[in-house]
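Q: here is a sequence together with a model predicted from it:
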Amino acid sequence: MARLTPLREAVSEIIQNGDTVALEGFTHLIPHAAGHEIIRQGKTDLTLVRMTPDLIYDQLIGSGCAAKLIFSWGGNPGVGSLHRFRDAIEQGWPRPLAYEEHSHAALANAYVAGASNLPFAVLRGYTGSDLPKVNPNIRFIECPFTGEKLAAIPSIRPDVTVIHAQKADRRGNVLLWGIVGVQKEAVLAAKRAIVTVEEVVDELDAPPNACVLPRWAVAAVCHVPGGAYPSYAQGYSERDNRFYQAWDAISRSRETFTAWIDRHVRNTADFEEFKRVFAETAKSKEAV
């Protein structure tokens, strides 16, 4: 049952070293503030799951939080590679990273299977793909009714799912809208869930067919306005495209990455201080 709590406390109590953790969000509502708190607290040996790992996963991997990544497509959207991800795979820095790659369709179905309490997901897919050659968790079964060959992968059942949303009411029910990826399925598949929100309200006033997560599916709701930055929250903030472009240079070397993470994440107390320090950094660069 959801409770309203500070993000620092939620991450400390709910995410344990060695957990399988999914931080989901598609294009917007990406839970950057929660990811930073995981780094800040030095959580380690995590198996990270995400359909489209981008900047926050690059930061988590480069900070040594991840032992394994289960994913489908990874990159800096519209810019290029994730350099910390590549360094971990190619050079084992800051630690070796095991990985398991899937298609988008397969990973989405794996969340659905987890939310449905099923051991695996079945789909038509991977025809002509080389992924089954490198991922032993992609297997094939025969339909008992038609004899058709189908792909099967294990369900995804995270220990913890973390998402960002627009609203929660004071009882812990959560409302999100806009481009919704697999957040609902990822929360329902998880043992525990943390949701950061733009605002806490008395009534959700949810429109028909809105995505509402009931309080019994959520362990903690944390009021973190702007917690998706530099991604966006529809109705509340815009995407900072300049930072996505800037991240390419910041993350290219271990030294510039470490300096950025130390200044903006490890040496800040919380997301509010991160925003203040980040604004100061941006202002100093503009003054040059």
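A: Now that the structure is in, tell me what you want to look at.
Q: any idea of the mean pLDDT for stretch 126-134?
A: If you average the pLDDT over stretch 126-134, you get 92.
Q: thought residue 193 was touching residue 162?
A: Yes: with contact defined as CB atoms under 8 Å, residue 193 reaches residue 162; the gap is 7.3 Å. C-beta: built from backbone N, CA, C; applies to glycine.
Q: who has more neighbours out of the two?
A: Neighbour count, other CB atoms under 10 Å: between residue 193 and residue 162, residue 162 has more, with 33 against 25.
Q: which of the helices or strands spans the residue lying closest to residue 120 once chain neighbours are set aside?
A: Nearest residue to residue 120, sequence neighbours excluded (CB to CB, 6 or more residues apart in numbering): residue 152, at 5.0 Å. In this structure, residue 152 sits in strand 149-154 according to DSSP states H and E.
Q: CA atoms of that strand as CSV?
A: Extracted C-alpha coordinates of strand 149-154, given in CSV (Å, rounded to 0.1, in the frame of the first residue of the first chain):
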residue,chain,number,x,y,z
LYS,A,149,7.0,-22.0,-34.2
LEU,A,150,6.9,-19.2,-31.7
ALA,A,151,9.5,-17.3,-29.7
ALA,A,152,9.5,-17.4,-25.9
ILE,A,153,11.5,-15.4,-23.3
PRO,A,154,11.4,-15.3,-19.5
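Q: now that strand, how far from the chain's geometric center?
A: 25 Å (CA atoms, centre = their mean, to the nearest Å).
Q: which residues touch the longest helix seen in the chain?
A: Determined from DSSP state H, the single longest helix within the chain is helix 271-287. Under the criterion CB atoms under 8 Å, 6 or more residues apart in numbering, residues 7, 33, 36, 37, 224, 226, 227, 229, 263, 264, 265, 268 lie in contact with helix 271-287.
Q: next step: these restricted to helices.
A: Reading helices off the contacts of helix 271-287 with DSSP H, I get 7, 33, 36, 37.
Q: doesn't residue 197 make contact with the first one?
A: No: because the distance of 10.5 Å does not satisfy CB under 8 Å, residue 7 is recorded as not touching residue 197.
Q: just the buried positions in the longest helix of the chain, please.
A: 271, 274, 275, 278 (16 or more other CB atoms under 10 Å).
Q: tell me how far that helix is from the chain's mean position?
A: 24 Å.
Q: same question for stretch 70-78.
A: For stretch 70-78, the distance to the chain centre is 11 Å (CA atoms, centre = their mean).
Q: likewise stretch 267-281?
A: Per CA atoms, centre = their mean, the displacement of stretch 267-281 from the mean C-alpha position of its chain is 21 Å.
Q: pLDDT (mean, whole number) over it?
A: Stretch 267-281 comes out with an average pLDDT of 95.
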